[in-house]
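1. output the structure for:
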Amino acid sequence: GKKPLRQRIVDELKHYYNGFHLLWIDTKVAARMVWRLLHGQVLTRRERRRLLRTCADLFRLVPFLVFIIVPFMEFLLPVFLKLFPEMLPSTFETESKKEEKQKKKLNAKLELAKFLRETIAEMAKRNKADTG
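-> Numbers count the residues shown, from 1 in each chain. Modelled structure (predicted):
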């Protein structure tokens with residue numbers, strides 16, 4: 001069944017509240033990382049990826065805020081998200097979107113592995129033909 005309109009609105013508001021809260025936490029952690037970088041410490045690969053993701057999220061937040069600040073423009077948000085799916089900061093992604101993204105990446109990796117396996121098998125056949 002479908003949820004009532006009021007419950008869907010409350011759920012969306014909670015989703016955006018949690019997204020902003022997570023972005024705030026990521027921003028605080030990223031600020032500490034930048035402070036460490038400025039004082040000569042080296043970041044791990046994981047920390048560096050998190051810092052880059054947070055910076056990208058902050059840059060993505062600017063067009064997203066336009067939709068929130070300008071009256072009635074939030075009704076156009078679904079249209080723009082369809083056109084530009086990477087417009088939302090990562091903290092605003094739903095679990096289904098994350099799973100969908102992971103599935104696409106996995107399928108791409110599987111296709112690449114299949115292609116490489118076929119290429120190696122073909123090269124092995126050519127080498128056998130050349131030496132045989």
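
2. point out where this structure drops to low pLDDT.
-> Across the chain, the ranges flagged by pLDDT under 70 are 132.

3. got the domain boundaries for it?
-> 1-41, 52-87, 93-131 (the TED database).

4. tell me where this protein has strands.
-> Counting by DSSP state E, one finds no strands in the chain.

5. report the longest helix in it, please.
-> Under DSSP state H, the helix in the chain containing the largest number of residues is helix 95-131.

6. can you redo the domains of the chain as JSON lines with mean neighbour count?
-> Where C-beta positions appear, they are placed from N, C-alpha and C, glycine not excepted. Putting those into JSON lines (neighbours: other CB atoms under 10 Å) gives the following:
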{"stretch": "domain 1-41", "mean neighbour count": "12"}
{"stretch": "domain 52-87", "mean neighbour count": "13"}
{"stretch": "domain 93-131", "mean neighbour count": "10"}
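
7. identify the residues contacting residue 27.
-> Residues in contact with residue 27 (CB atoms under 8 Å, 6 or more residues apart in numbering) are 54, 58.

8. next up, phi/psi of residue 42, please.
-> Per-residue torsions, residue 42: phi -100, psi 140 (degrees, to the nearest 10).

9. quick one on the thing from earlier: which strands or helices does the longest helix of the chain pack on?
-> Helices and strands touching helix 95-131, as assessed by 3 or more CB pairs under 8 Å, 6 or more residues apart in numbering; DSSP states H and E, are absent.

10. so residue 73 is in contact with residue 65, correct?
-> No - under the criterion of CB atoms under 8 Å, residue 73 makes no contact with residue 65, lying 10.6 Å away.

11. give the contact list for the most centrally placed residue in the chain.
-> Nearest to the geometric centre of the chain sits residue 90, at 4.8 Å (CA atoms, centre = their mean). Residues in contact with residue 90 (CB under 8 Å, 6+ apart) are 53, 56, 57.

12. could you check how far residue 116 is from residue 73?
-> Separation of residue 116 from residue 73 (CB to CB, to the nearest Å) stands at 46 Å.
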